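Participant: Sequence plus predicted model, see below.
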Amino acid sequence: MRQNVPCSFLKPILTLTALVPFLLPEPLNAAPPDGMLNVGVGNVDITPTEPVVLAGSPTRLTSQSVDTRLYAKAMVLSSGALKVVIVTLDTLKYPVESATLARRQIEQATGIPAGNVIICASHTHRGPLWTYYKDRLVTPIVKAVESAARDLAPCKLATARGRAEGISQCRRVIKDGHVWNRWQLDPSETDNYPPEGPFDPEFEVLAVIGENGRYKAIVYNFACHATNTEDWVISADFPGDVQPYVQRHLGYDAPAFFLTGACGDVNPVHSAKRELFGERLGREIIRCLGKLEPIANPTLAIESREMQMPGREHPVFQKAEVLRNWPKQYEHYKKAFDQMMKAAKPSYQCFFTGIRIGADFAIVTNPVELFCEIGMDIERRSPFKHTMVVEQTNGAHGYVPTARAFEGGSYETWFGEHSYLSTRAGEIIEKESLDILSHLKNSK
């Protein structure tokens with residue numbers, strides 16, 4: 001049975017998820033043997049040592065205990081002179097300004113170019129905002145990467161595709177001609193109306209296997225909001241539940257890197273028990289490890305792009321819709337609209353990155369909460385057999401709905417703190433992502 005641990009007792013606790021990577025005496029710069037890449041992992045615990053205000057709730061919630069710990073995890077992949085960094089961060093979001101600073105400091109500390117670094121927020125709603133931390137998480141991120149860079153060793157890589165049913169669903173449904181979020185409805189009627197869009201139960205797994213035959217790391221990508229924890233606790237949410245499940249079945253520590261899939265309109269199934277995520281998603285990851293396809297020639301390539309994304313065209317406060325859908329939070333959304341009108345820019349700095357490993361596996365990232373249908377379209381049209389579409393990376397620019405969702409409305413589309421990019425942002429991101437993937441496919 002899970003035990004909630006009082007915040008005051010955090011320091012002496014050792015848990016199964018407290019991973020300490022084995023560090024080699026010196027960084028490995030030599031070319032890896034054929035069929036291998038040099039890979040290193042690092043890990044820094046960022047769990048608060050006191051009660052904190054939990055991010056992701058419109059009402060003020062303060063943590064009462066620690067459920068699962070929070071981490072900044074880093075992976076460095078190296079082939080010759082090329083090094084690429086993947087950081088996963090257990091926090092709601094990580095804005096472009098902080099991500100840019102962290103990437104620059106990684107370059108200063110390790111020599112790895114800032115453009116070769118992706119920092120992905122897990123979007124857990126059960127931790128503090130990045131502003132809670134002394135230097136906005138820059139130091140823990142850099143330390144995790146430094147640790148990973150010292151841990152480089154030859155590894156084999158392999159991929160698989162999994163499918164986890166019954167744990168995620170499109171959270172937007174059409175009732176009486178209007179779009180509602182499922183949690184606005186009575187629990188007895190949440191499944192009575194058609195969903196506005198799809199959800200994606202399929203996901204990709206990338207396994208990193210050391211020379212000793214053990215898994216050095218497992219990377220997976222799943223399209224669902226990290227919101228299956230409802231208690232007032234500090235928690236990494238379902239990634240924090242999946243980690244110990246996988247380790248328990250492997251019989252040893254192997255860090256699981258969660259890369260957030262396109263889930264702007266996808267939530268956990270409202271009626272599903274929290275434990276179902278660890279069981280079904282964790283079990284499917286274990287099943288994937290039993291059917292891995294080796295990457296025979298794991299060549300490494302990366303493409304990073306920066307562009308200015310246009311802001312919202314002619315923003316209007318949707319008064320009637322707010323009063324219908326969220327009458328008790330009318331003042332909240334009116335304030336959010338007014339504040340964003342004052343802070344709005346013509347365009348916003350956005351980073352997009354593609355990483356290719358071998359001929360059939362790629363990761364492509366974006367800095368928004370992308371609606372699932374757009375992510376699925378990118379995967380479907382990708383030239384790679386295995387493609388991870390990863391959101392909330394190197395920035396946090398709010399929701400990017402589909403054109404159909406803008407017609408349907410509801411809060412993900414309302415101009416304000418969480419939605420301020422162009423109504424064409426989804427189209428632009430899809431085009432940019434596919435162009436990056438195409439360039440990676442044709443690169444040597």
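Facilitator: Nice, I can see it.
Participant: Could you check which helix or strand contains the nearest residue to A296 once chain neighbours are set aside?
Facilitator: For A296, ignoring the flanking residues on the chain, the nearest one in space by Cβ to Cβ, 6 or more residues apart in numbering is G35 at 6.0 Å. C-beta here means a position set from N, CA and C on the backbone, and glycine is covered the same way. Assigned by DSSP states H and E, G35 belongs to neither a helix nor a strand.
Participant: tell me the contacts of G35?
Facilitator: K156, P294, A296, N297, P298 (Cβ atoms under 8 Å, 6 or more residues apart in numbering).
Participant: The same query, at a cut-off of 10 Å, please.
Facilitator: Under the criterion of Cβ atoms under 10 Å, 6 or more residues apart in numbering, the contact list for G35 reads P154, K156, L157, P294, I295, A296, N297, P298, G358.
Participant: Mind giving me the PyMOL select for those residues, buried ones only?
Facilitator: Listed next is the PyMOL selection for buried residues among the contacts of G35, using 16 or more other Cβ atoms under 10 Å:
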select buried, resi 154+156+157+295+298+358
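Participant: can the contacts of G35 go into a markdown table with extra columns for distance to I46 and pLDDT?
Facilitator: Written out in a markdown table, the entries for those read as follows (distance: Cβ to Cβ, whole Å; pLDDT from 0 to 100):
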| residue | distance to I46 | pLDDT |
| --- | --- | --- |
| P154 | 30 | 97 |
| K156 | 30 | 98 |
| L157 | 27 | 98 |
| P294 | 34 | 97 |
| I295 | 31 | 98 |
| A296 | 37 | 95 |
| N297 | 36 | 95 |
| P298 | 30 | 97 |
| G358 | 32 | 97 |
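Participant: Next step: the contacts of G35 restricted to strands.
Facilitator: Among the contacts of G35, the residues falling in strands (DSSP state E) are P154, K156, L157, P294.
Participant: What's the biggest helix in the chain, counting residues?
Facilitator: Counting residues, the longest helix found in the chain (DSSP state H) is helix 425-442.
Participant: Just give me how far it sits from the chain centre.
Facilitator: For helix 425-442, the distance between its averaged C-alpha position and the chain's averaged C-alpha position is 19 Å (Cα atoms, centre = their mean, to the nearest Å).
Participant: Then stretch 138-155?
Facilitator: The answer for stretch 138-155 is 19 Å, by Cα atoms, centre = their mean.
Participant: Kindly report the same for stretch 128-142.
Facilitator: When distances are taken as Cα atoms, centre = their mean, stretch 128-142 is centred 17 Å away from the chain's centroid.
Participant: Show me the beta-bridge partners of the spatially most central residue of the chain.
Facilitator: Centre of the chain computed as the mean C-alpha position; nearest residue by Cα atoms, centre = their mean is T260, 2.5 Å away. Beta bridges link T260 to F222, judged by DSSP bridges.
Participant: ok, so what distance separates it from E432?
Facilitator: Note on T260: its distance to E432, by Cβ to Cβ, to the nearest Å, is 18 Å.
Participant: ok, back up a step: CA atoms only for the longest helix of the chain - export them in PDB, please.
Facilitator: These are the backbone C-alpha positions of helix 425-442, laid out as PDB (Å, rounded to 0.1, in the frame of the first residue of the first chain):
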ATOM      1  CA  ALA A 425      -0.300  27.700 -34.700                       C
ATOM      2  CA  GLY A 426      -1.300  24.000 -35.000                       C
ATOM      3  CA  GLU A 427      -0.900  24.100 -38.700                       C
ATOM      4  CA  ILE A 428       2.500  25.900 -38.400                       C
ATOM      5  CA  ILE A 429       3.800  23.400 -35.900                       C
ATOM      6  CA  GLU A 430       2.700  20.400 -37.900                       C
ATOM      7  CA  LYS A 431       4.400  21.800 -41.000                       C
ATOM      8  CA  GLU A 432       7.600  22.700 -39.100                       C
ATOM      9  CA  SER A 433       7.700  19.300 -37.400                       C
ATOM     10  CA  LEU A 434       7.300  17.300 -40.600                       C
ATOM     11  CA  ASP A 435       9.900  19.500 -42.300                       C
ATOM     12  CA  ILE A 436      12.400  18.700 -39.500                       C
ATOM     13  CA  LEU A 437      11.700  15.000 -39.700                       C
ATOM     14  CA  SER A 438      12.100  15.100 -43.500                       C
ATOM     15  CA  HIS A 439      15.500  16.800 -43.200                       C
ATOM     16  CA  LEU A 440      16.600  14.300 -40.500                       C
ATOM     17  CA  LYS A 441      15.500  11.300 -42.700                       C
ATOM     18  CA  ASN A 442      17.700  12.600 -45.500                       C
END
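Participant: can you give me the mean pLDDT across that helix?
Facilitator: Per-residue pLDDT values over helix 425-442 give a mean of 98.
Participant: Pull out the buried residues from it.
Facilitator: Neighbour counts using 16+ other Cβ under 10 Å place 425-426, 428-430, 432-434, 436-438, 440-441 of helix 425-442 among the buried residues.
Participant: Out of the residues you listed, which two are the most distant from each other?
Facilitator: Farthest pair in the buried residues of helix 425-442 (Cβ to Cβ) is A425 and K441. Separation: 24.3 Å.
Participant: list the helices and strands the longest helix of the chain packs on?
Facilitator: Identification of packing neighbours for helix 425-442 by 3 or more Cβ pairs under 10 Å, 6 or more residues apart in numbering; DSSP states H and E yields strand 300-310, strand 347-357, strand 361-365, strand 369-370, helix 372-381, strand 386-390, strand 399-400, helix 403-408.
Participant: could I get these as a markdown table with mean pLDDT, distance to D253 and mean neighbour count?
Facilitator: What follows is the helices and strands packed on helix 425-442, written out as a markdown table (pLDDT from 0 to 100; distance: least, Cβ to Cβ, whole Å; neighbours: other Cβ atoms under 10 Å):
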| stretch | mean pLDDT | distance to D253 | mean neighbour count |
| --- | --- | --- | --- |
| strand 300-310 | 98 | 25 | 17 |
| strand 347-357 | 98 | 23 | 22 |
| strand 361-365 | 98 | 24 | 26 |
| strand 369-370 | 98 | 31 | 27 |
| helix 372-381 | 98 | 31 | 21 |
| strand 386-390 | 98 | 23 | 25 |
| strand 399-400 | 98 | 36 | 25 |
| helix 403-408 | 96 | 41 | 16 |
